[in-house]
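Chemist: what's the 3D shape of this:
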Amino acid sequence: MPASLGWNRYGKSLVRVMKVSRNAARHDIRELSVNIGLEGEFTTAHTKGDNAGVLPTDTMKNTVYALAKTDPIDSIELFALLLGRHFVSTVPHVNSARIEIIEAAWQRIESQGSPHSHTFQRIGPETPTCIIESARGGERVTAGLRGLVLLKSAQSGFSAFMRDKFTTLKETDDRIMATSVTATWPLAPSADFNASRRAIRTALVDAFAAHDSRSVQETLYAMGEAALMACPEIPEITLSLPNKHCLLVDLSPFEMTNANEVFLPIDEPHGLIEATIKR
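Modeler: Numbering: from 1, shown residues only. Next up, the predicted model:
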């Protein structure tokens, strides 16, 4: 039976780059990990080994470094758009470029009561993210963040849930609620990406802290609703909240009570709650 080529993409993954902007008074840094994927007319490269229209992935890597030199990298979204536009405009066989950037967050340290001019502290595990898709017919930007670890030791419960013959979970109105938030939201290519991210992140954190949670689902909805209110530019936000369980330790073998004080944090297995909240 004859075969034919379906959807295909190729590119360079995990291109890491550190940009130091050496201003007179202080330095600024951005550390990025860039994933590049190109789609287009590459049929003969697959079926006939014809590489005439194939831009080497090593060239893609070098392009990241060269454009990082000339661009101020004011935001990861603008840098991703710059890369996408470059590949679409300079490679004839490319119909669209997908650029994903994950930023390692660095914070300027305080030294002797003042911000230090050139020393930084890595903040983790939270990272800003973005994905842009540049095509000859238009562009799409999805900004986001991941690894925003949050925990609250009160105002969280889970009760009146469905039960069947395999259910052993006990109801509670007082539990630890912990999660690592992943959030994505679409924005216009002309948006103020940095201001939008700040507003959305603040709204997510504030809503998590203030919400009297009866379930992770309810808290997720409250967080998404708060983000929409804080950033009128976004039509929707998608949230992924793993329920990082903290299990109450049974101290009864030691003739001790445990009034929600001693817990065992576990990573696996965990619940995973995901949804898109729209206007």
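
Chemist: What is the neighbour count of the nearest residue to residue 122 once chain neighbours are set aside?
Modeler: Counting by Cβ to Cβ, 6 or more residues apart in numbering, residue 106 is the residue found nearest to residue 122 once chain neighbours are left out, at 5.8 Å. Glycine gets a C-beta too; all of them are placed from N, C-alpha and C. Using other Cβ atoms under 10 Å, the number of residues around residue 106 comes to 16.

Chemist: from here on, count from 43
Modeler: Shifting the count to begin at 43 puts that one at residue 148.

Chemist: pretty sure residue 148 contacts residue 71?
Modeler: Yes. Under the criterion of Cβ atoms under 8 Å, residue 148 makes contact with residue 71 at 5.5 Å.

Chemist: What is the helix or strand of the chain with the lowest mean pLDDT packed up against?
Modeler: Of all helical and strand segments in the chain, the minimum by mean pLDDT, DSSP states H and E falls on strand 288-290, at a mean of 91. When contacts are defined as 3 or more Cβ pairs under 8 Å, 6 or more residues apart in numbering; DSSP states H and E, strand 288-290 sits against strand 305-307.

Chemist: which secondary structure elements does the strand it packs on contact?
Modeler: Contact here means 3+ Cβ pairs under 8 Å, 6+ apart; on that basis strand 305-307 packs against strand 288-290.

Chemist: Now the strand it packs on: buried residues?
Modeler: Neighbour counts over strand 288-290 (16 or more other Cβ atoms under 10 Å) mark 288, 290 as buried.

Chemist: Sheet partners, orientation included, of it?
Modeler: The pairing partners recorded for strand 288-290 under DSSP bridges are strand 305-307 (antiparallel).

Chemist: So which bits of the next helix or strand after the partner strand are buried?
Modeler: Next in sequence after strand 305-307, counting helices and strands by DSSP states H and E, comes strand 313-320. For strand 313-320, a neighbour-count test (16+ other Cβ under 10 Å) marks 315, 319 as buried.

Chemist: which strands and helices sit next to strand 313-320?
Modeler: Packing contacts for strand 313-320, counted by 3+ Cβ pairs under 8 Å, 6+ apart, involve helix 258-272, strand 278-285.
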